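Engineer: below: sequence and its predicted model.
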Amino acid sequence: MLTHNLDVEERSQWLRTTPGALALCQPYYCIESGLFYGRAQYMASRSVRDGMLLFYTLEGAGLIEHDGSQILLEPGMALILEGEQVERCRTAPGQSGWHHYWALVGGSGVQALEPVICPDKRLAPIPLPREEVLPLWQALLDGTGCETAESAVSQALVIHQILAKMARQQLTGEAGQANRQLIEEAVAYIRAHFDEPLCLDGLLTNAHISKSYFLRLFRQYMGTTPYNFLLCYRITRAKELLAQTDLPVGMVAHQVGFGDESNFSTRFTAMVGQSPLRYRKSTMRSK
């Protein structure tokens, strides 16, 4: 449902499309986009279930109201939130206007990046340099409604670039420096001791945070859980040993931290798509 007071200048744009089969196969696709020159009384309230909303302020300021909180979007600030979360967005009080881009986007890639950009669903503006994202936003707007194969692929790439910039800002910004260092230390410990029995309590020895918070931070910065990261790292080291040495599979399993050959072979096959011996033979053939 959408209610609004579109107090916008005539040069404003609002474009809609219905994504076709190729677009829906992409990890990112656009459903609607707009460039609004909102005046002082501009207001929109919507609840949608088919995507997430992106905003980027060019001039003036906007106010996003949701769940009792208010997020001020000043120039150079971006925001992503679930469409069904929006209660109201409007020109911020005291502002004569809100000049901004916006888009309703969907796809598996959007859903995967949303926890990185908004950990624990905490809504916060993200600063993005205007000179970097303005061409991307304009390309997103220009491509909405083209409905060609080329535009479907191009739109996906543009949305990915915008979201990737937001994600990188969250992961590398000064605000998260302490959390980033904590996870980097945990990852370094896993890599140094991957061939030993490891447990979550060991990683938390010097962290001084709860298990649940550590797991959320690890997933935000690494994109997976500590256990799955350890498994992937062990399997990668196993690939190297299988390809570069003649060690028996059982010895490879032991050297990368698996307790027995059977468990190692099962894990390896599930993650790689072929058994350790077949993997070894395939690397020999490729040489």
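Structural biologist: Sure thing, it's come through. Numbers count the residues shown, from 1 in each chain.

Engineer: bridging residues for Tyr101?
Structural biologist: Leu35, Tyr56 (DSSP bridges).

Engineer: my guess is it meets Leu35, correct?
Structural biologist: Yes - contact between Tyr101 and Leu35 holds when scored by C-beta atoms under 8 Å: they sit 5.5 Å apart. Where C-beta positions appear, they are placed from N, C-alpha and C, glycine not excepted.

Engineer: so what sits against both of the two?
Structural biologist: Here Tyr101 and Leu35 share the contacting residues 137, 141, scored by C-beta atoms under 8 Å, 6 or more residues apart in numbering.

Engineer: quick one: the strands in this structure?
Structural biologist: Applying DSSP state E to the chain gives strands spanning 2-5, 13-16, 29-39, 43-46, 52-60, 62-66, 69-73, 77-82, 88-91, 97-106, 126-127.

Engineer: tell me the angle the longest one makes with strand 52-60.
Structural biologist: The one in question is strand 29-39. Strand 29-39 and strand 52-60 meet at an angle of 30 degrees, taking axes from the mean of the first three to the mean of the last three C-alpha atoms, to 10 degrees as the criterion.

Engineer: tell me how many other residues crowd the closest residue to Leu113 other than its chain neighbours.
Structural biologist: For Leu113, ignoring the flanking residues on the chain, the nearest one in space by C-beta to C-beta, 6 or more residues apart in numbering is Leu163 at 4.9 Å. When neighbours are counted by other C-beta atoms under 10 Å, Leu163 registers 23.

Engineer: quick one, what contacts Leu163?
Structural biologist: Contacts of Leu163 (C-beta under 8 Å, 6+ apart): 28, 54, 80, 109-110, 113, 117.

Engineer: what is the nearest of those to Leu182?
Structural biologist: Among these, Ile117 lies closest to Leu182 (C-beta to C-beta), at 19.5 Å.

Engineer: pretty sure the closest one contacts Arg168?
Structural biologist: No - contact between Ile117 and Arg168 fails when scored by C-beta under 8 Å: they sit 9.8 Å apart.

Engineer: the more surrounded of those two?
Structural biologist: Per other C-beta under 10 Å, whichever of Ile117 and Arg168 has more neighbours is Ile117, with 25 against 14.

Engineer: how many neighbouring residues does the closest residue in space to Gly20 that isn't next to it in sequence have?
Structural biologist: Residue nearest to Gly20 in three dimensions, not counting chain neighbours: Glu147, with 6.3 Å by C-beta to C-beta, 6+ apart. By other C-beta under 10 Å, the residues close to Glu147 number 14.
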